[in-house]
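Visitor: Below are the sequence and a predicted model; questions follow.
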Amino acid sequence: AFDRAALATAAQLLGLGRRLREEAVSYAGQRKQFGKVIGSFQAVKHQLADVAVGLEFAAPLVYRAAYSVGHEASTASRDVSAAKNAAGEAAHRAARTALQVHGAIGYTDELDLHLWLNRVWALRSAWGDEGLHRARLHEAFFTRNRPERVP
């Protein structure tokens, strides 16, 4: 049950990250500063590109975890922990970047951005924070099935 809940949380985080990226890209294409659309500034482009890369790397891990849980694979717990960490980090970066692109208006009630931000921040620690899932990964990779040392 824990793995299924953590997987569902990872999938939600991935979707939230994608939505926040879309919102930030849309807003960056509309808002003007210094007579130019802020999406044309290299610093904004690079931040949004970093968000896209993080989300693209997290997606296969979430899909693999779903496959592992659905097929009751022996690696399901490991795969879920990897997915939860990657999706949590990617969604957190998307939230930070979206807030920075939007500026202070992101906190106001004028936009729904604050709802998405709060959801990411809440889900990031739901069903195990990064420390717990990293510990599970460490155990899966470094302590299980480790051959005994021969003296």
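Guide: Yep, that arrived.
Visitor: And the contacts of stretch 126-142?
Guide: 2, 5-6, 9, 75, 77-78, 81-82, 84-85, 88-89, 124 (Cβ atoms under 8 Å, 6 or more residues apart in numbering). C-beta here means a position set from N, CA and C on the backbone, and glycine is covered the same way.
Visitor: Let me fix that, I meant to ask about stretch 41-49.
Guide: By Cβ under 8 Å, 6+ apart, stretch 41-49 touches Arg21, Ala24, Val25, Ala28, Ile38, Gly39, Thr97, Gln100, Val101.
Visitor: These, buried ones only, as a PyMOL selection?
Guide: Per 16 or more other Cβ atoms under 10 Å, the buried members of those correspond to this PyMOL selection:
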select buried, resi 21+24+25+28+38+39+97+101
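Visitor: can you put the contacts of stretch 41-49 in TSV and add pLDDT and secondary structure?
Guide: Listed next are these as TSV, based on pLDDT from 0 to 100; DSSP: H, G, I helix; E, B strand; the rest coil:
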residue	pLDDT	secondary structure
Arg21	95	helix
Ala24	91	helix
Val25	92	helix
Ala28	87	helix
Ile38	75	helix
Gly39	77	helix
Thr97	93	helix
Gln100	89	helix
Val101	89	helix
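Visitor: Going toward the C-terminus from the helix or strand of the chain with the lowest mean pLDDT, what's the next helix or strand?
Guide: When each helix and strand of the chain is scored by mean pLDDT, DSSP states H and E, strand 32-33 comes last, with a mean of 78. Note on strand 32-33: by DSSP states H and E, the next helix or strand toward the C-terminus is strand 36-37.
Visitor: what pLDDT does Val150 get?
Guide: Listed pLDDT for Val150 reads 51.
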